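J.: sequence first, predicted model second:
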Amino acid sequence: MIHRKEQSYRTVFSLIHGFILILALLVHSAQASDQLEEGYVKSTLGLYDIATFDVYADQQTVHLIAGGRQSQNDAALILRYQRSVDGGRNWTTPSTVSAPLPAINAKRGNDIQLAVHGDRIVALMQGKTDLPGIGPMICLYSEDSGITWKNGANPAKDNDGSQAHIDLIADKAGVFHAVWLEDPEENGYQSLRYSRSEDGGKSWSQPKTIEDSTCSCCWNTIVNSPLDHLNVLYRNMSPRDMAMIRSTDHGSTWQPLGAVGDFKWQLNGCPHVGGSAGYVTREATHWLHSLVWTGIPGKVGLYHLVSSDHGSTWSTPSRLSATGMNGAIAHHGRHTIAAWNEINPSGMSVSLAIAENDGATWSEPIQLTPGENAATQPRLVATTNGVLTVWTEKPAKQTSQLAWKLIEPGKKVNP
C-alpha cells in the first residue's frame, strides 16, 4: 500500500514534470517559430564562432567545412565538417577534422576552400605566421567522405612563402585543380598561380604562373566547363576590372580572354572584392554567367554578364544593384539565381534575385536577412532540390555564425 504522503509527493512530482515538459515544448515551439519567421537556419556547428567556411556540391550531396574558435579565449581555429545528402535540408552531425593542423589564417574573403569527388575530399587554406596575412598553403584530404583526414602536400611547393585567395575544384575525372595568389619571385606584386592533383590532394603538379600580375587581395574563382575546360575569373592589376583566363588542356597551357566587364577602372589599391562564375547548358549552347563588381565612379555596383563562347566575348554588363557587392551565381533548371551583399541604412544584408531567361531580365531583389544581422559574402551551390544559399552573419553583441536557406526556384521565396 502506498502511503498518502508518498502519493501526494508523486502527484506533485508528476505535475511539476508535466509542467517542465510543456514549458520545454513551448520554448522549442517558440524557437522553431522564430527560425521560421526569420526564414533560414543558423548554426555555429558546435563552435564558439565561425571565421571561415566553404560549401561544395558533388551531384546531390552538399559538403560544408568551417573554421572557428572552440571558446571565447581561444586564438587558434579548429575545423568542423558536415554533409547533406538531400541538397541541404538535413545534415550529418558536425565532426572535427582530425588531422594535425597548424595555425590557420583563413577568414571571410580569404576563405578555406573545399572540393569533392566521390569519397575524396580536399581542403586548402592559408596558414598563419608571425607576420599578419602572411603564410603558406595548408592541404588536408580525406579518402573516406570526411571520416578521417590526412595532411597533403602544399600545391605551391613553398612552405616558406605566402599563398592566399585560393580556389579549388574537382573535374569530372576526379582531378583537383587549385589557383591562388603568390609572389614567388618577390616582385612586390601578386601573380596568379595554378597546380593540379591527380591523387586527391596527396601530391600536386609543379606550380605555374598563369598571370604575371593581379590585384593583391581579391578572391579568385575557377570553374570547369561542360567541355572539361578550366576558366579562372580574377581581378586584373591594370585596369582593376575582373578578367578571365582559360585552359583547354587540363591546365597545361593558358590563354588570357580579357576583361569581364570592360569598365577600365583605374585604382591604385585593392577593393577586396572578387567575382563569381558558373556554366549552364541550354540546348547546344554552353552559357557562362558571371557576377562582377566595380567601384568606378558613376557606375559603381554589381553587374551580371553572360558569354556564349566560354568567355571570349561577353554581353553588355547589366547592373543588378548599385549598392550590392560580393556576388554569387548558380543555376537550377531554367532559373539563374544571384545572391549578394546589399548595403542598406541598418547594415549589411543578403539579397537574392532570380532570372528565367538566361539573365536577360531579373526579378525584384528579395532581402533574405535584416541589415542589423551584418550578413556577408553568400555562397551558392545547386543540386536537384534547389539552390542552397550559405553565408555568415554577426548581429550586434553576438558571435559570428553560419546561416543557410534552400531556395527552390518556382516557389515563392519568403524573406
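T.: The structure has been received and is ready for your questions.
J.: I figured residue 92 hits residue 82, correct?
T.: Yes. Under the criterion of C-beta atoms under 8 Å, residue 92 makes contact with residue 82 at 4.9 Å. Backbone N, C-alpha and C define where each C-beta goes, glycine included.
J.: neighbour-wise, which of these two wins?
T.: Set side by side, residue 92 and residue 82 show more neighbours around residue 82, with 18 against 14, by other C-beta atoms under 10 Å.
J.: what ranges do the helices span in this protein?
T.: 4-38 (DSSP state H).
J.: can you give me the end-to-end distance of stretch 180-189?
T.: Distance between the boundary residues of stretch 180-189 (C-alpha to C-alpha, to the nearest Å) amounts to 13 Å.
J.: ugh, wrong one, stretch 73-83
T.: Taking C-alpha to C-alpha as the measure, stretch 73-83 stretches 28 Å from start to finish.
J.: touching that stretch from outside, list them.
T.: Residues external to stretch 73-83 that are found in contact with it (C-beta atoms under 8 Å, 6 or more residues apart in numbering): 45-48, 51-52, 61-70, 91-97, 101, 103-104, 106, 112, 121, 123, 140, 145-146.
J.: list the buried residues for that stretch?
T.: For stretch 73-83, the neighbour count (16 or more other C-beta atoms under 10 Å) marks 77-83 as buried.
J.: taking the mean pLDDT, what do you get for that stretch?
T.: If you average the pLDDT over stretch 73-83, you get 95.
J.: so where is this protein shaky, pLDDT-wise?
T.: 1-38, 412, 414-415 (pLDDT under 70).
J.: how about 80 then?
T.: Counting by pLDDT under 80, the ranges of the chain that qualify are 1-38, 357-359, 410-415.
J.: correct me if wrong: residue 224 contacts residue 169.
T.: Yes. The pair residue 224 and residue 169 passes the contact test of C-beta under 8 Å, sitting 5.6 Å apart.
J.: next, show the common contact partners of these two.
T.: When C-beta under 8 Å, 6+ apart defines a contact, the residues bordering residue 224 and residue 169 alike are residue 177.
J.: the two: who's more crowded?
T.: For residue 224 and residue 169, the more surrounded residue by other C-beta under 10 Å is residue 169, and the numbers stand at 21 against 17.
J.: which residues pair with that one across the strands?
T.: Each beta-bridge partner of residue 169 is listed here, defined by DSSP bridges: residue 177.
J.: hang on, the earlier thing: ok, the buried residues of stretch 73-83 vs residue 236, which is closest?
T.: When those are compared for distance to residue 236, the smallest value, 31.3 Å, is given by residue 77; criterion: C-beta to C-beta.
J.: not counting sequence-adjacent ones, nearest residue to that closest one?
T.: Sequence neighbours aside, residue 67 is the residue nearest to residue 77 in space, at 4.1 Å (criterion: C-beta to C-beta, 6 or more residues apart in numbering).
J.: next, count neighbours for the one you found.
T.: Applying other C-beta under 10 Å, I find that residue 67 has 26 neighbouring residues.
J.: residue 345: neighbour count?
T.: If you count neighbours by other C-beta under 10 Å, residue 345 ends up with 5.
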